[in-house]
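Q: give me coordinates for this.
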Amino acid sequence: MQIRRFDRIEGWAWGLQGPDGRILIEPKFEAISCFRQGVAWVPDLAQNGWCPIGPDGKARSKPDCLPTYYEVEVSHHYPEQFDPDPFRSSVLWMQAFLKHGLDPSYPAPRLMGDRIQGRGTISVACREMIPCE
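A: Predicted structure coming up:
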């Protein structure tokens, strides 16, 4: 399974495509995660959070929606801030992560060290992270 972006008039839409090219999750989301434990996470503006969807692309009631979501977490580092609103910032961070995964010329989002045990910044630039398994 692979995360896939699709053109749309007002920007990009994200969905999932199978290895055979078949669309598994229709491209209608601002961002999307890979499936883990039976759900993928997508931003839900009505909930102001990241909410789970099932393999059919439909919303799930459990687990509960999250205020933010990041595909990558590293101890003693926090995600680069793209917007003062934490939810919006997480959406923009994930969009940068997804775009960089498909086009390395697009700047990778960063994880910032906490200056206690985390030093400096880490560019989240691993293109192998985009294909979902």
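Q: can you say which helix or strand has the spatially most central residue of the chain in it?
A: Nearest to the mean C-alpha position of the chain, counting by CA atoms, centre = their mean, stands residue 94 at 3.8 Å. In the assignment (DSSP states H and E), residue 94 maps to helix 86-102.
Q: what is that helix packed up against?
A: For helix 86-102, the packing partners by 3 or more CB pairs under 8 Å, 6 or more residues apart in numbering; DSSP states H and E come out as strand 2-8, strand 11-17, strand 40-44, strand 49-53, strand 77-79. Every C-beta, even on glycine, is put in place using the N, C-alpha and C of the backbone.
Q: do you know which of those strands lies nearest residue 68?
A: strand 49-53 (6.8 Å; CB to CB).
Q: and the closest one, what's its mean pLDDT?
A: Averaging pLDDT along strand 49-53 yields 97.
Q: hmm, who's touching it?
A: Residues outside strand 49-53 that contact it (CB atoms under 8 Å, 6 or more residues apart in numbering): 25, 39-44, 59-60, 62-63, 65-69, 87, 90.
Q: okay, the helices and strands packed on helix 86-102, which one's buried deepest?
A: Highest mean neighbour count of these: strand 40-44, a mean of 23 (counted as mean count of other CB atoms under 10 Å).
Q: kindly export it (C-alpha atoms) in CSV.
A: The C-alpha coordinates for strand 40-44 follow below in CSV (Å, rounded to 0.1, in the frame of the first residue of the first chain):
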residue,chain,number,x,y,z
ALA,A,40,-5.2,5.3,9.4
TRP,A,41,-5.4,8.8,10.8
VAL,A,42,-6.7,11.8,8.8
PRO,A,43,-7.4,15.4,9.8
ASP,A,44,-11.1,16.1,10.6
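Q: direction included, what does that strand pair up with?
A: Here strand 40-44 has these sheet partners by DSSP bridges: strand 49-53 (antiparallel).
Q: now the strand it pairs with and helix 86-102, what's the angle there?
A: Put simply, strand 49-53 runs at 60 degrees to helix 86-102, going by axes from the mean of the first three to the mean of the last three CA atoms, to 10 degrees.
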